[in-house]
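J.: below are the sequence and a predicted model for it; my questions follow.
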Amino acid sequence: MIEVSNVLPIPSNSRRDDSDSDTGAADRPEPRLRDVVGDVLRDERLEQDRTLADVADAASVSLPYLSEVERGIKDVSSDVLHSICDALELPLADVLERSVDRLRIDARAQRSAGIQLMAA
């Protein structure tokens, strides 16, 4: 027999402006594009074992600004995003594809977070 029950809500990402963390997945807002793009950029920088200072210098942006972009605090213009991608030697198309993949995964997780199948 399979039992369907409600699942406790997953705590929201602290970067998002969720004021009510006790709501279910259906009530959580979708991730902001700037959060997802920032995560992709940070993950790539860390994968390359590079510092914020190194990438900021190569992209001709300030270190605090790059940090804010990675943390989803600042929206990044297409020109600055292009500079950051060049500094990481990462095609813009790859950043966008990775961002779309993460958005799709998050959307699937939100749809399925409301129920859980349990074997009895």
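T.: Now that the structure is in, tell me what you want to look at. Numbering: from 1, shown residues only.
J.: look up how far A58 lies from the residue nearest to the spatial centre of the chain.
T.: The residue lying closest to the centre of the chain (C-alpha atoms, centre = their mean) is V36, at 2.7 Å. Applying C-beta to C-beta, to the nearest Å, the value for V36 to A58 is 22 Å. C-beta here means a position set from N, CA and C on the backbone, and glycine is covered the same way.
J.: ok now do the residue nearest to the centre of the chain, which residues does it touch?
T.: When contacts are counted by C-beta atoms under 8 Å, 6 or more residues apart in numbering, V36 touches 72, 99, 102-103, 106.
J.: let's see that with 7 Å instead.
T.: 99, 102-103 (C-beta atoms under 7 Å, 6 or more residues apart in numbering).
J.: elements contacting the lengthiest helix in the chain?
T.: As assigned by DSSP state H, the longest helix anywhere in the chain is helix 92-112. When contacts are defined as 3 or more C-beta pairs under 7 Å, 6 or more residues apart in numbering; DSSP states H and E, helix 92-112 packs onto helix 33-47, helix 78-87.
J.: to S67, which of these lies closest?
T.: Using C-beta to C-beta as the measure, helix 33-47 is the one of those that comes nearest S67, at 9.2 Å.
J.: now that closest one: buried residues?
T.: For helix 33-47, burial by neighbour count (16 or more other C-beta atoms under 10 Å) applies to 34-42, 44-45.
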